[in-house]
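In: Sequence and predicted structure below; questions after.
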Amino acid sequence: MVRPRKAEKLKVVAVRIDPAIERRLRLLAETSGRNPSFFLQQLIEGGISTLEEVWLPPGLLAQVRAGEVPEPAVSRVGPDLFDEPAFER
């Protein structure tokens, strides 16, 4: 498991999941004495390499594998839950 550097803080990410999956996650957490975030972190860390292999272009994948993770581009496919609201004054 990759641990963040001291200067880096963990980020909060919100996702929508099927209620049946949420119940399974909650049951797993309650039974084990851990919280759901622990298991989501395990899932992400265990599966992100596979997703990168499928979705990243080869050059970018090579950068990530070398430990050079570039900042994401500003433009996105759609709005994100954590985007700053655009207030007009």
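Out: Noted; the coordinates are in hand.
In: Pull the contacting residues for S32.
Out: Contact analysis of S32 by CB atoms under 8 Å, 6 or more residues apart in numbering lists nothing. Every C-beta, even on glycine, is put in place using the N, C-alpha and C of the backbone.
In: 38 is where my numbering starts, stick with that
Out: Shifting the count to begin at 38 puts that one at S69.
In: what ranges of the chain fall below the confidence cut-off?
Out: 38-44, 111-126 (pLDDT under 70).
In: Look up how far T68 lies from P56.
Out: 18 Å (CB to CB, to the nearest Å).
In: All the helices of this protein, residue numbers only.
Out: Assigned by DSSP state H, the helices in the chain fall at 56-69, 73-92, 95-102.
In: Report the distance from the shortest one to the chain centre.
Out: Okay, so that is helix 95-102. 18 Å (CA atoms, centre = their mean, to the nearest Å).
In: packing partners for that helix?
Out: helix 73-92 (3 or more CB pairs under 8 Å, 6 or more residues apart in numbering; DSSP states H and E).
In: Can I get the helix it packs on as PDB, trimmed to CA atoms?
Out: The C-alpha trace of helix 73-92 is given here as PDB (Å, rounded to 0.1, in the frame of the first residue of the first chain):
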ATOM      1  CA  PRO A  73     -15.700   1.600   4.700                       C
ATOM      2  CA  SER A  74     -13.000   4.100   3.700                       C
ATOM      3  CA  PHE A  75     -10.300   1.500   4.500                       C
ATOM      4  CA  PHE A  76     -11.800  -1.000   2.100                       C
ATOM      5  CA  LEU A  77     -12.400   1.500  -0.600                       C
ATOM      6  CA  GLN A  78      -8.700   2.600  -0.300                       C
ATOM      7  CA  GLN A  79      -7.700  -1.100  -0.600                       C
ATOM      8  CA  LEU A  80      -9.800  -1.500  -3.700                       C
ATOM      9  CA  ILE A  81      -8.500   1.600  -5.400                       C
ATOM     10  CA  GLU A  82      -4.800   0.800  -4.600                       C
ATOM     11  CA  GLY A  83      -5.300  -2.800  -5.800                       C
ATOM     12  CA  GLY A  84      -7.000  -1.900  -9.000                       C
ATOM     13  CA  ILE A  85      -5.600   1.400 -10.200                       C
ATOM     14  CA  SER A  86      -2.700  -0.200 -12.100                       C
ATOM     15  CA  THR A  87      -5.100  -2.200 -14.200                       C
ATOM     16  CA  LEU A  88      -7.200   0.800 -15.000                       C
ATOM     17  CA  GLU A  89      -4.100   2.800 -16.000                       C
ATOM     18  CA  GLU A  90      -3.000   0.000 -18.300                       C
ATOM     19  CA  VAL A  91      -6.300   0.100 -20.100                       C
ATOM     20  CA  TRP A  92      -7.000   3.800 -20.200                       C
END
